[in-house]
Structure formats: structure tokens, C-alpha cells
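Asker: Here is my input; please provide its structure:
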Amino acid sequence: MMLKLLTDRLQLTPLVDADIDISIELWTDPNVVKYICDAETEEEIRAGMPDSTRRGCNGWIGIWCVADRVTSEKYGSAYLLPLPIEEDDYDFSLLIPDQLPEGNIELGYFLKPSAWGKGYATEIARRLLEFSFRESPLEELVASVRDENLASKKVLEKSGFIYSGRTLCYGAVTPIYRISRAGWDDMRRSSSVS
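Answerer: Okay, the predicted model is just below:
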């Protein structure tokens with residue numbers, strides 16, 4: 001199984017210690033994290049890198065660095081991680097090398113502002129869906145989003161996620177979107193027919 005994922009314009013590679021630069025750029029920027037948390041300090045980000053680089057379920061679950069396929073400029077990160085319920089952050093201890101974590105697996109992405117508005121988030125989401133439903137044992141993915149994050153809601157809907165109400169996650173009740181392997185297959189079949 002290849003964990004390096006390619007799209008027309010992007011490459012997604014498993015996050016490694018050398019990606020501390022993009023992690024710092026993303027997580028210290030209040031505009032990038034405004035819908036999820038307060039900006040972190042560089043020291044907090046460096047201390048969290050051992051968790052951020054962990055992978056579970058034979059590599060299927062974890063964080064990827066997102067970069068330009070041609071220039072290798074780093075644009076952000078994307079992830080498949082266990083969705084926190086009452087906690088406000090991920091429990092990285094759930095990432096066990098050969099086990100699929102119990103509960104919902106969330107798809108998400110973070111891009112630096114210079115990469116916004118270019119369709120990268122949709123490209124990332126679609127590639128992670130393809131990876132999840134063609135190469136992993138995952139049967140369903142979820143995505144949580146804040147009410148005011150209209151751009152992410154559009155990305156999720158364009159990628160095939162369906163709004164399924166509000167639920168407790170990250171310690172708050174928020175909108176949740178879902179897509180199943182069967183729903184993804186149906187969407188692909190109907191788009192290839194039309």
C-alpha cells in the first residue's frame with residue numbers, strides 16, 4: 001500500500017518531523033485555526049510533533065503533509081483521525097500500528113491562507129475518500145464543521161458528504177457530515193454516467 005497520495009496538483013505524504021515548518025505556519029496562524037481552537041505557540045507545536053507523526057491501522061489513519069506536486073511547496077495538512085467526542089483534541093494513543101480505532105474516523109484538512117480559494121481542499125477530500133474506500137477497511141467517514149465555516153461545508157458537499165444533523169464532538173454539539181463506502185460508490189457511478 002502506498003501512503004503517498006497524488007492528485008492532479010498535489011502530493012500528500014505522511015507527516016514527518018521535517019514537516020514542523022508547515023505545522024508551525026498553520027497552527028500559529030489565528031486565521032487558519034479560528035474555527036477550531038486558539039493559535040498555539042511554536043513550543044507547543046514542537047512538543048506535539050511526536051503525536052502528530054503517529055500512524056495507526058497500517059498507516060491508513062494519521063496526518064498527511066499537503067504539498068504542490070511540481071514545486072514541493074507545502075500548503076497544509078490533511079488527516080484521517082478518530083473523532084473526539086467529549087475531548088477538545090485528538091487522542092493519539094488510539095493510533096495503534098495494526099488496529100483500526102473504534103468509533104468514527106474524521107476526514108479533515110488545514111491550508112495556509114495563500115492556498116485558500118484554489119480548490120485544494122476539495123481535491124484533498126476527494127483523494128482521501130478514494131484512498132479510504134479503495135485501499136483501507138474503512139466503511140464510513142465523518143467530518144465535523146462549525147456552523148459559520150461555510151467554505152468547509154461546501155467542500156464536504158462537493159466531495160459527497162451528506163449532512164446528518166448535529167452531534168457531540170470536540171466537547172460541543174456541531175454539524176456532522178457523513179459518507180459511506182456505498183454512498184461514495186453510488187456517487188462515482190452516477191457521475192461517470194452523466
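Asker: Quick check: closest non-adjacent residue to the residue most central in space within the chain.
Answerer: With distances taken as Cα atoms, centre = their mean, the residue of the chain nearest its centroid is residue 108 (2.4 Å). Leaving aside its sequence neighbours, residue 108 sits nearest to residue 79 (Cβ to Cβ, 6 or more residues apart in numbering; 5.2 Å). The way it works is simple: take the backbone N, C-alpha and C, and place the C-beta from them, glycine included.
Asker: for the one you found, what are its contacts?
Answerer: Going by Cβ atoms under 8 Å, 6 or more residues apart in numbering, residue 79 touches 62, 63, 64, 106, 107, 108, 109.
Asker: In strands, which of those fall?
Answerer: Among the contacts of residue 79, the subset assigned to strands under DSSP state E consists of 62, 63, 64, 106, 107, 108, 109.
Asker: The fourth one: neighbour count?
Answerer: For residue 106, the count of nearby residues is 20 (other Cβ atoms under 10 Å).
Asker: residues in contact with it?
Answerer: Per Cβ under 8 Å, 6+ apart, neighbours of residue 106: 79, 80, 81, 82, 83, 141, 142, 143, 144.
Asker: got it, and the third one?
Answerer: For residue 64, the set of contacting residues under the criterion of Cβ under 8 Å, 6+ apart consists of 3, 5, 12, 13, 14, 15, 77, 78, 79, 128.
Asker: Okay, strands next: where are they in the protein?
Answerer: 5-6, 10-14, 62-68, 74-82, 105-111, 140-144, 162-169, 172-180.
Asker: Make a markdown table out of those and add mean pLDDT and distance to residue 121.
Answerer: Shown next, in a markdown table, are those (pLDDT from 0 to 100; distance: least, Cβ to Cβ, whole Å):
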| stretch | mean pLDDT | distance to residue 121 |
| --- | --- | --- |
| strand 5-6 | 96 | 15 |
| strand 10-14 | 98 | 10 |
| strand 62-68 | 98 | 9 |
| strand 74-82 | 97 | 9 |
| strand 105-111 | 95 | 5 |
| strand 140-144 | 97 | 11 |
| strand 162-169 | 95 | 17 |
| strand 172-180 | 95 | 13 |
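Asker: Nice, that's everything, thank you.
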